[in-house]
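**Q** Next input, structure requested:
(2 chains)
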Amino acid sequence: MTSASSGDASRIQPPRTPFWRADWARGSLWQALLLAAFVWLMWSAIDNASVNMRARGVPTDFGFWNRPAGFDINQTLVPFTSSGSTYGRAFVVGLLNTLLVAFFGVIIATLLGFLIGVARLSRNWIIARLATIYVEVIRNTPLLLQLLFWYNAVLKPLPNPRQSVSLPGSVYLNNRGLFVPEPIFGAGSDWTLWALGLAIIASYVVKLYAARLRIVSTKRIPVGMIALGLVIGLPALSFLIAGAPLTWSAPELRGFNFQGGVRIYPEFVALLLGLSLYTAAFIAEIVRAGVLSVSHGQSEAASALGLPRGRSLRLVVIPQAMRVIIPPLTNQYLNLTKNSSLAVFIGYPDLVQVFAGTVLNQTGAAVQVISITMAVYLVISLVTSAGMNLYNRRMALAER
Amino acid sequence: MSDITAASNNGAPQAFVRTKASPDLPPPLAVGGIIGWMRENLFSSALTSSLTLLSLLFLYWYTPDLVRWLFIDAIWSAPDGEACRAPGAGACWAYVNAKIEFFAYGSYPRDMVWRVDLTLVLGACLAAWLLWPSAKRKALALVLFLVVYPILAFHLLHGLGPMLRGAMRGLADLFGSKALADMAASALPVVGTNLWGGVFVSLLVATVGIVVSLPLGVLLALGRRSKAPVSRFLCVMLIEIVRGVPLITVLFMANTMLPLFVPEQWSPDRLMRPLIGVALFSSVYMAEVVRGGLQAVPKGQFEGAMALGLNWWAMMRLIILPQALTIVIPGVVNSFIALFKDTTLVAIVGIFDFLRAVDTARLDPVWAGPTISATGYVFAATFYFVFCFGMSRYSMMMEQRLTRGRSH
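**A** A predicted model of the protein is given here:
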């Protein structure tokens, strides 16, 4: 108002807004009220919880973490015994099982999803139709139903070990799971691993060198082929030099069950199958949308420049499609990880089944257990989306 | 090279001129008709042809088996599971037929299922009114659906509470009407939620999710976009936390933690807890969909509204939200599809939804047999597929209508 009062006095001045009707004052009042309501809500929830928990004799601390668990878990990646291991150890076992199924699920779903996404775009009518049917059926039925179907209707009715379904390569499938040969690494097999590491570093060096060479002398060298040769050739060479220190322990039927080999539990197979097939359908749609989002002019321009079809795909279409594909793809990976919690319905010992199920029932520490479980998923999500934001910032189109 | 001569000027070749026409290319074998279509779409190259043959082989291998299992070898009517247990028997549709009431209503008293039917029909009519693109007075339908229908449905399904019953008794005393007094005593007796189950519970969970998530999602989205620090912080926190965790953990939380957070006497009903969890979960996803719509409204619309002197609520209600919500209709329908599929998870806290009913019924010793599980799951899958596929087609249709209006 200072500028108005310094002008000529004959101008009609708008009435001065009293401060209690000013926007900032009203806004602050509402915000303060909201904050107060939130604090009150939190405080009363905590108050009620402490009263209720004491009344029900529920533990209010994390003391259960170091107490012996006293239950068994069938699939464990780290040693776990019902007598000696603690509830904290059970948490670790569950978390590792969740990460295990998520890791393999992501790999299978990605491969299958890209394949089906490309198939949907295929000019082959029948392939495109089959891919469409797959995507529509899978996307329009609940994941839980699919998991139950794989577990109860496909894997459970399999014959017992004596009448196992025998697959090529000493692989057996029966109602106790999938039995595959176990690789046993002899002395000197660590050299193969070192060679693989060396090959990856060497490929990276070749790539850097090729990039410089192209700028300095416009010469191109086949980086992909060299890298492939290095990554396969070096480990293979060192493996052979070390005298092929690898033997396989094949599963054999002894008595009523198989001995030797690796037993993959039917729960794991059902969960992995269900999650991968379900997520693959969503990834297929993302891939299709990504490829369609690259305008036709781009591939036309590439062929006008004389690029052959393969190189135009590799250098022009796919890089642009990936920009569209990667963010929702990461979202699907997160969804897969979160959906792995459906393991609880078919008894796969993941984080939710072991920790939020068994441990919660035995200790009764609902608030602590559920909070820890949620925090784990939350951390996975937040870390992934932070990485995603970094990636997006690097890949975003530089616009005006 | 005889038909091309180098036209030279001053001895240096400058242009090549063709003097004779080159021979005609052979005509294309077939471009139209079935043969042409097959040549184009099935056998355009060696790779395509081999893929086509492989898929035909795959279909030839499995389709007859599937058809035989589903229809020809299927048992369509039987008193118990004896016929279905015979080797070589296909799907046991007789079992679905015998269990259909259980699948639909759970353990709801059979003489009162008309209450469920009436609720479902009313809901279907309102939904059709809302979804019909050219229907009139949608605002009225929205109010009916979001406010009136839930109250009505609650009393129909659960029965009259003591307060309403008392009010009716009071009225009966006032008018001295015997009929009204009888009605107050016996109309719509209470059916506990422990008896509820089947398709109707699935639809109930989905409907509650939709009814709550629409307004709450809009509020959360507005809060997230607002400049006020406290509301924005609270909305962002709620949205990010709930979106970062699986629905199962939210349901666990609603089931085991919620009763601890409220005074003992307010402890919610066993069906109410997962409903709260599902409503919260779907609201935050709805909020993100609505936020997308809000971001798609051009800035000029906000500025225009402010220039007209509208305050924030009026601007949102009259200018921004109508545009934003129209844009996101397909997204909203897609999140309804996800919600409908997610309703199956309420089984984890002991609610008897449709899938749980199917999964329980297959253990009935009268019917138990090798094909029962698969039959039940195929039936359930068909049910979910019809609903979700229908919704997704609807969303695609709306998307086309909307882009048609905007494209020029």
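
**Q** how near is the spatially closest residue to residue A:60 that is not a sequence neighbour to residue A:59?
**A** Counting by CB to CB, 6 or more residues apart in numbering or on different chains, residue A:60 lies nearest to residue A:53, which is 5.3 Å off, once chain neighbours are set aside. For the C-beta atoms, the positions are set from N, CA and C on the backbone; glycine is no exception. Here residue A:53 is placed at a distance of 8 Å from residue A:59 (CB to CB, to the nearest Å).

**Q** How about residue B:255?
**A** For residue B:255, the distance to residue A:59 - CB to CB - is 18 Å.

**Q** Which helix or which strand is home to the residue nearest to residue A:60?
**A** helix A:23-56 (DSSP states H and E).

**Q** Show the pLDDT at residue A:100.
**A** Confidence at residue A:100, expressed as pLDDT, is 95.

**Q** how many other residues sit next to it?
**A** 16 (other CB atoms under 10 Å in any protein chain shown).

**Q** Could you look up the SS state of the closest residue to it other than its chain neighbours?
**A** Nearest residue to residue A:100, sequence neighbours excluded (CB to CB, 6+ apart): residue A:77, at 6.5 Å. Secondary structure state of residue A:77, per DSSP: H, G, I helix; E, B strand; the rest coil, is coil.

**Q** Return the per-residue confidence for residue A:77.
**A** Listed pLDDT for residue A:77 reads 86.

**Q** Could you do residue B:43 as well?
**A** 83.

**Q** What sits closest to it if chain neighbours are left out?
**A** Using CB to CB, 6+ apart, the nearest residue to residue B:43 is residue B:49, at 4.5 Å.

**Q** What is the three-state secondary structure of the one you found?
**A** Here residue B:49 is recorded as helix under three-state DSSP.

**Q** If we go by neighbour counts, what in the one helix or strand residue B:403 maps to is buried?
**A** Assessed by DSSP H and E, residue B:403 sits inside helix B:372-406. Buried residues in helix B:372-406, counted by 16 or more other CB atoms under 10 Å in any protein chain shown: B:372-381, B:383-385, B:387-389, B:391-392, B:394-395, B:398-399.

**Q** for that helix, packing partners?
**A** Applying 3 or more CB pairs under 8 Å, 6 or more residues apart in numbering or on different chains; DSSP states H and E, we find helix B:372-406 packed against helix A:125-139, helix A:143-148, helix B:93-105, helix B:329-342, helix B:354-361.

**Q** Need phi/psi at residue B:366.
**A** Residue B:366 adopts backbone torsions of phi -60, psi -40, taken as degrees, to the nearest 10.

**Q** And for residue A:259?
**A** Torsion angles, degrees, to the nearest 10, at residue A:259: phi -120, psi 150.

**Q** Bridged to it, which residues?
**A** Residue A:259 has these beta-bridge partners by DSSP bridges: residue A:252.

**Q** More neighbours: residue B:255 and residue A:59, which one.
**A** residue B:255 (22 against 15).

**Q** can you tell me how far that one sits from residue B:276?
**A** 10 Å.

**Q** How about residue A:126?
**A** On the measure of CB to CB, residue A:126 and residue B:276 end up 48 Å apart.

**Q** got it, and residue A:24?
**A** From residue A:24 to residue B:276 the distance is 36 Å (CB to CB).

**Q** Tally up the residues packed near residue B:368, please.
**A** Residue B:368 - counted by other CB under 10 Å - has 14 other residues nearby.

**Q** can you give me the strands for the chain?
**A** Picking chain A for this. A:165-167, A:171-174, A:177-180, A:182-185, A:246-249, A:252-254, A:257-259, A:262-264 (DSSP state E).

**Q** actually it's chain B I care about, not the one you picked
**A** Counting by DSSP E, chain B has strands at residues B:4-9, B:12-18.

**Q** Pick out the shakiest of the ones you listed, pLDDT-wise.
**A** strand B:4-9 - the lowest mean pLDDT of the strands of chain B, at a mean of 52.

**Q** what's residue A:307 sitting at in phi/psi?
**A** Given degrees, to the nearest 10, the pair of backbone angles that residue A:307 has is phi -70, psi 130.

**Q** Around the residue lying closest to residue B:321 once chain neighbours are set aside, how many other residues sit close by?
**A** Leaving aside its sequence neighbours, residue B:321 sits nearest to residue B:218 (CB to CB, 6+ apart; 6.9 Å). Residue B:218 sits with 22 neighbouring residues when counted by other CB under 10 Å.

**Q** Look up how far chain A lies from residue B:218.
**A** 17 Å (CB to the nearest CB, to the nearest Å).

**Q** show me what contacts that residue?
**A** B:286-287, B:290, B:321, B:325 (CB atoms under 8 Å, 6 or more residues apart in numbering or on different chains).

**Q** OK, contacts around residue A:258?
**A** A:161, A:164, A:172, A:176, A:179, A:251-252.

**Q** Mind telling me the two of those farthest from one another?
**A** Greatest spatial distance among the contacts of residue A:258 (CB to CB): A:176 and A:252, at 14.2 Å.
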